[in-house]
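Participant: Here is a sequence together with a model predicted from it:
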Amino acid sequence: MFLHDQSETRRRLCAFSPNAAKLFRQGRSPVTDTPIERDEHGGLTAAPQGAAGTCARATARSIGNWHVSDTSIQRPDEGIWARLRRRKLVQWSVAYVAGAWGLLQGLAYMRDTFEWPNQVQQAATVLLLLGVPVVLVLAWYHGDRGEQQVTRNELAILTLLFLSGGSIFWYFQSATETSTVARNSLAGLSDIESIAVLPFVNAGGDPDLDYVSDGLTESIINALARLPGLSVKARSMVFRYKGKEVQPQEVASALSVQSVVSGHMEQHGDKLTFSLALVNGGDGNQIWGQRYDSTMANLVSLQNEIVRDIARQLQARLTGADEQKVAKTYTSNGEAYRLYLEGRYHVQKVAASEVQQGIRFLEQATAIDPNFALAWVGIADAYRTASAADVQPSQVVPKAIQAAEKAVQLDDSLGIAHTQLGLLAIWYDWDPPAAEREFKRALELDPNNADTRIYYAHLLSNQGKHDEAFKEAERARELEPLNTRFSALEGQFLLHAGRTDEALARLQATIGLDPNHFLAHMFAATAYIEKGMYPEAIAEARRAVEITNRSVTHPLAVLGYALAKSGDVAQARGVLEELLTASRSRYVSPYGVALLYNALGEHDETLAWLERGYEVRDHKMNLLKVDPKWANLHGDPQYEDLVRRIGF
C-alpha cells in the first residue's frame with residue numbers, strides 16, 4: 001500500500017510538472033531526461049518501466065489522444081486533417097486571419113477619420129503577411145493539447161521578424177523615393193521650382209462626374225500654391241487644355257514650367273480610381289506615378305494624400321510647416337466637400353441658371369458643415385457673380401457680403417475671403433478705404449493671388465490712380481499671362497486712363513487668344529467709339545451682344561450708344577426700347593439705360609436713370625468718375641454730386 005501510494009504520488013507530481021509535457025513531446029523521459037524510443041507513428045515502442053514509465057504514462061494521459069496500458073503507450077493512426085487540428089494549425093490560422101482582418105478594418109477606419117497616409121495600412125499588410133509562416137511554425141510547435149504559450153526566445157524571434165519586415169518595407173519605400181530624387185537630380189530637378197497641373201481627364205466620359213475631376217484639379221493647384229518657392233500655374237492657365245490631347249513637353253514649353261502633372265479618373269461602381277503622373281517638362285520622362293482608389297465619401301483624404309505625395313516629389317525635403325500648409329483642409333466631411341466641388345463647378349460656368357444651381361449645392365455644403373470656410377467663400381463669389389448677370393443687387397449682394405464675412409470669421413487667414421470683401425466694398429458699399437484694407441490684407445496672406453491683384457487694380461483705376469493700377473494689373477498678368485479676363489480688364493483700365501490706342505492693342509490681343517470673350521469685344525467697342533471709328537465700334541458691340549445671346553444688358557447699351565453716336569438714331573432708340581421693355585419684367589442695369597439716354601442727348605432722363613442706379617446700388621456706378629462716355633457731364637452739379645456720394 002505504501003509503495004502504491006508512493007508510486008501514485010510520483011505519478012501525480014510527474015503529470016503536473018511544468019516540464020513533463022514538454023520533455024515528453026521532445027521524445028525524452030520526464031523523469032530521467034533520456035531519449036525514449038518511438039515508432040513510426042510517434043508512439044512508444046514499449047512502455048518504460050519504473051518511475052520513468054509511470055511518469056510517461058501519466059504525461060500521455062494528461063496530454064490525451066494516446067492509448068495507455070501497463071505495457072505500452074501508443075497514439076492511434078490519424079489523417080492529415082486530424083494531425084493539423086491536433087497541432088492547432090487550423091485553429092491558429094482561423095484566429096490569425098480573423099485578427100488580421102479586424103486590424104486592417106480598424107486601420108482603414110482610422111485612416112479615413114484622421115487622414116493617415118496609405119503607407120500605414122500598407123506596412124501593416126506587409127507585416128501581417130510576413131507573420132503567416134511564423135504563426136504556422138509556432139502553431140505546429142505548440143500544437144499538442146496542453147501548453148500553448150510562446151517562450152521568451154520565440155517572442156524575440158517573432159519581434160525580430162516583424163521588425164525585419166517593417167525594415168524591408170521601409171527600405172523599398174525609401175529606395176523608391178531615393179531613386180525618384182536621383183532621377184530628378186540627373187534631370188536638374190532635385191528641387192522643382194515650377195509646375196503645371198493639367199485638368200484630370202474624366203476617362204469614363206460621364207459628364208456628371210466632371211465636377212469631381214475639375215474640382216480636385218483646382219483644389220490640388222490651390223494646395224500646392226501654398227508651398228514656398230514653388231510657382232504653380234493657376235486654373236485659368238491650365239484649364240484651356242481641358243479636353244485636348246497635349247504632350248507634357250508642349251505644355252511645359254508653353255507655360256514655362258519644369259514639370260507637369262497629369263491624371264485620369266475612372267469610376268467602377270462606387271469606387272473612383274485616379275492615376276497620376278509627374279513628368280519632366282524638359283525630356284518628357286516620367287518622374288513619378290501613383291494610382292489611388294477612393295470613394296466620394298473620401299475625397300478630402302484623397303486630395304490630401306495626392307498633394308502630399310506630389311509635394312514630396314517636387315521638393316526633396318519638406319519642413320513640418322510645409323507639410324501643414326499643403327495638408328490644410330477646410331472640412332473633414334466628405335459629403336460637404338463633394339457638394340462644394342459640384343457647386344464651384346456650376347458657378348464657374350457663369351450662366352445665370354448655372355450660378356443658381358451652384359448656390360444650391362454650396363448652401364447644402366454649409367448646412368452639413370457650418371464651419372466650412374471655403375464653401376462660404378464660394379457662396380460669396382456665386383452671389384457676386386449673379387449680381388453681375390443682371391440680378392437685382394439688393395437680392396444677392398447682401399448675401400454675398402454675409403457669406404464672405406462668415407468665412408473671415410471662421411478663418412481670418414483665408415486670403416480669398418478678404419478679396420471677396422474688397423470687391424464687394426467696391427461694387428456695393430462704394431467704400432474705397434474698406435476695399436483697400438481688405439485687398440492689402442489678402443495680399444499680405446497670399447501675395448501671388450492674381451485675382452486679388454487685378455481687383456485691387458480695379459479699385460485704383462476707379463479712383464483715378466492709374467499708374468498704381470497698371471502696376472497691379474501688370475503683376476496679375478505676370479502671374480497669369482494667358483488669363484484673358486485680366487487682359488480685357490487691363491484694356492478697360494487703359495481706356496479709363498485715356499490711353500485708347502494701347503487699350504485697343506491690348507483688347508485685340510485678348511480677342512486673338514479668345515475670340516468669344518464678350519468683355520474684350522465690349523471694351524473694344526468703347527475704344528473705337530473714343531476714336532470715332534463707329535462702324536468698327538458697332539461691329540464689336542454686335543459681337544458682344546451675340547456672344548451673350550442678349551441676356552446681359554450692358555453690351556446692348558454699348559451697341560445703342562455706338563449707333564446713336566454714328567447717327568443711326570432710329571436703331572439706337574430701338575435698342576433703348578428693348579431695354580425699357582425688359583426693365584418692366586426683370587432687372588436691367590440703370591447705368592446702361594442712362595448711358596444710352598446720354599448718347600441720345602436726353603440730359604434729364606440720363607440723370608434720372610443715374611439716380612435710379614444709385615438707389616438700387618448698381619455696381620457699374622463705381623465707374624462713373626472714370627468712364628469717358630460721361631465726359632460731357634463733367635461740371636454738371638447733379639452729376640458731380642453723384643460722383644461725390646459714390647465716393648470714388
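Facilitator: Thanks, I have it. Numbering: from 1, shown residues only.

Participant: Where does the prediction get shaky in the stretch 151-300 of the chain?
Facilitator: When residues are selected by pLDDT under 70, those of the stretch 151-300 of the chain lie in 151-191.

Participant: Same question for the chain.
Facilitator: Residues of the chain that meet the cut-off, pLDDT under 70, sit at 1-91, 111-119, 121, 140-191, 315-320, 322-323.

Participant: In stretch 534-550, which residues are buried?
Facilitator: 534, 536-545, 547-548 (16 or more other C-beta atoms under 10 Å). All C-beta spots, glycine's among them, are computed from the backbone N, C-alpha and C.

Participant: Quick one: those as CSV, columns for distance to L127 and secondary structure too.
Facilitator: Output for the buried residues of stretch 534-550, formatted as CSV (distance: C-beta to C-beta, whole Å; DSSP: H, G, I helix; E, B strand; the rest coil):
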residue, distance to L127, secondary structure
Y534, 80, helix
E536, 74, helix
A537, 74, helix
I538, 76, helix
A539, 73, helix
E540, 69, helix
A541, 71, helix
R542, 71, helix
R543, 67, helix
A544, 65, helix
V545, 68, helix
I547, 61, helix
T548, 62, helix
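
Participant: Just send those residues back as CSV, with distance to K406 too.
Facilitator: Compiled in CSV, the buried residues of stretch 534-550 are given as follows (distance: C-beta to C-beta, whole Å):
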residue, distance to K406
Y534, 48
E536, 46
A537, 43
I538, 45
A539, 45
E540, 41
A541, 40
R542, 42
R543, 40
A544, 35
V545, 37
I547, 35
T548, 32
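
Participant: and of those residues, the nearest to K244?
Facilitator: I547 (21.8 Å; C-beta to C-beta).

Participant: residues touching the nearest residue to that closest one once chain neighbours are set aside, list them.
Facilitator: Residue nearest to I547 in three dimensions, not counting chain neighbours: F518, with 4.2 Å by C-beta to C-beta, 6 or more residues apart in numbering. Each residue near F518 by C-beta atoms under 8 Å, 6 or more residues apart in numbering is listed here: R543, A544, I547, T548, V552, P555.

Participant: could you dump those to a markdown table with distance to Q571?
Facilitator: Shown next, in a markdown table, are these (distance: C-beta to C-beta, whole Å):
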| residue | distance to Q571 |
| --- | --- |
| R543 | 16 |
| A544 | 16 |
| I547 | 20 |
| T548 | 19 |
| V552 | 19 |
| P555 | 15 |
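
Participant: one step back: can you tell me which of the buried residues of stretch 534-550 is closest to F200?
Facilitator: I547 (28.5 Å).

Participant: Could you list the domains of this structure?
Facilitator: As assigned by automatic domain parsing, the chain contains the domains 2-77, 86-184, 194-329, 503-648.

Participant: Tell me which other helices or strands whichever helix or strand Q303 is part of touches.
Facilitator: Following DSSP states H and E, one finds Q303 within helix 299-314. Where contact means 3 or more C-beta pairs under 8 Å, 6 or more residues apart in numbering; DSSP states H and E, helix 299-314 is packed against helix 152-186, helix 210-224, strand 271-280, strand 286-294, helix 320-327, helix 334-347.

Participant: Could you rerun that using 6 Å?
Facilitator: Applying 3 or more C-beta pairs under 6 Å, 6 or more residues apart in numbering; DSSP states H and E, we find helix 299-314 packed against helix 210-224, strand 286-294, helix 320-327, helix 334-347.

Participant: Now do the first one against helix 334-347, angle only.
Facilitator: Between the axis of helix 210-224 and that of helix 334-347 there is an angle of 100 degrees, by axes from the mean of the first three to the mean of the last three C-alpha atoms, to 10 degrees.

Participant: so after helix 210-224, what's the next helix or strand?
Facilitator: strand 231-232.

Participant: and that following strand, which strands flank it?
Facilitator: Note on strand 231-232: by DSSP bridges, its sheet partners are strand 194-197 (parallel).
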